[in-house]
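J.: give me coordinates for this.
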Amino acid sequence: MRITIGNNTRRFMSILQLDSYPFTDKDLKQNFRTLIKTHHEDKNKSPNAKEMSQKIIEAYNALKNLAVSELTESDKEDAYRKFEESLEDMFKGKLWETCKECNGARKIKRPKSKWISCPLCHGSRVVYPRCPDCHGSGKFTTARTKRVVECRRCKGFGFDFNRRPSLCPKCGGMGMIIKQVGEDWVSCMHCAGLGRKEIRPFNPAIKTGAVLI
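T.: Numbering: from 1, shown residues only. Sure thing, here's the model as predicted:
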C-alpha cells in the first residue's frame, strides 16, 4: 500500500511557503524560523498573530518528518510526480474492506429453530422411573397362556407412578426443547449488515528523513 501525500500536507506546505515536494530539512527550518519571527505575537501586534503562529508550529510539526536531506534529480522528479498525482491523504476518512463472512451480501444463512413440547416428558417437566414389571413397555406376557396383556402395575403407561419422579433429562425440566426447522437469511452480525468492515490502519512511526513515495 502506497502512503500518499494529499490535501492536508499541501495546506501545511502552503503555510510554510514550500512550493513543491520533496523539500529539504534546511528549507523547512529556514522558512519556519523566518515565518515564526514575522508572525510571533511578541513582535507582531496583529490580532491574528497568535492564531497564525499556532498554524505555523502545527504545520512544522506535521512536515518535519517528511523533509529529506539529499536526493538525486531522478528521485526528485519521481517523488514530485507521485505527489502531484495524489488527490487525498490515505488516512483521511475511513478505510473499508469487504466482509469475509457474507462476501458483501449483507446477509448470511442461519439455522431456523422453534420451541416444541419435549417428546420425553410431553411438557410435564418430570419423568417417572420405568415400570419394573414391564420394563417400560406397558405390556405383560402371561406365563401360562403367553398372551400379551396390559401391565397391571403401570396400567399400560410403562412408568412406575408410585416412585418419586425426577426432572426430565432431555429438556432439563423446562418442558420445551428447540428444534431446527430449516435455514433463514438474517442480517450479517459480523459487519452489522453493511457488507463491509472498517479497517483501522496502522500508525507508522516515520523516521526523520524518510521519503513517502
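J.: what's the local residue count around Glu51?
T.: When neighbours are defined as other CB atoms under 10 Å, Glu51 has 12 of them. No exception for glycine: its C-beta is placed from N, CA and C like everyone else's.
J.: in what helix or strand does Gln54 lie?
T.: Assigned by DSSP states H and E, Gln54 belongs to helix 49-63.
J.: can you list contacts of that helix?
T.: Identification of contacts with helix 49-63 by CB atoms under 8 Å, 6 or more residues apart in numbering yields 8-9, 11-13, 15-16, 18, 23, 28, 32, 35-36, 39-41, 46.
J.: other SSEs contacting the helix or strand hosting Thr9?
T.: Secondary structure here is read from DSSP H and E; on that basis Thr9 sits in helix 7-15. In terms of contacts (3 or more CB pairs under 8 Å, 6 or more residues apart in numbering; DSSP states H and E), helix 7-15 is packed against helix 49-63.
J.: what comes up buried for the helix it packs on?
T.: By neighbour count on 16 or more other CB atoms under 10 Å, the buried set for helix 49-63 is Ala49, Met52, Ser53, Lys55, Ile56, Ala59, Tyr60, Ala62, Leu63.
J.: one step back: narrow the contacts of helix 49-63 to those that are buried.
T.: Here, 16+ other CB under 10 Å leaves Thr9, Phe12, Met13, Ile15, Leu16, Leu18, Phe23, Leu28, Phe32, Leu35, Ile36, His39 buried among the contacts of helix 49-63.
J.: which one of those sits closest to Phe157?
T.: Phe157 has its nearest neighbour among the buried ones among the contacts of helix 49-63 in Thr9, at 84.6 Å by CB to CB.
J.: and the pLDDT at the residue of the chain most remote from its centre?
T.: Each residue of the chain has a distance to the centre, and by CA atoms, centre = their mean the biggest one is for Arg144: 74.8 Å. At Arg144, the model reports a pLDDT of 77.
J.: over to Lys76?
T.: Among the per-residue scores, Lys76 holds a pLDDT of 59.
J.: quick one on the thing from earlier: and the residue farthest from the centre of the chain, what element?
T.: When secondary structure is defined using DSSP H and E, no element contains Arg144, which sits outside every helix and strand.
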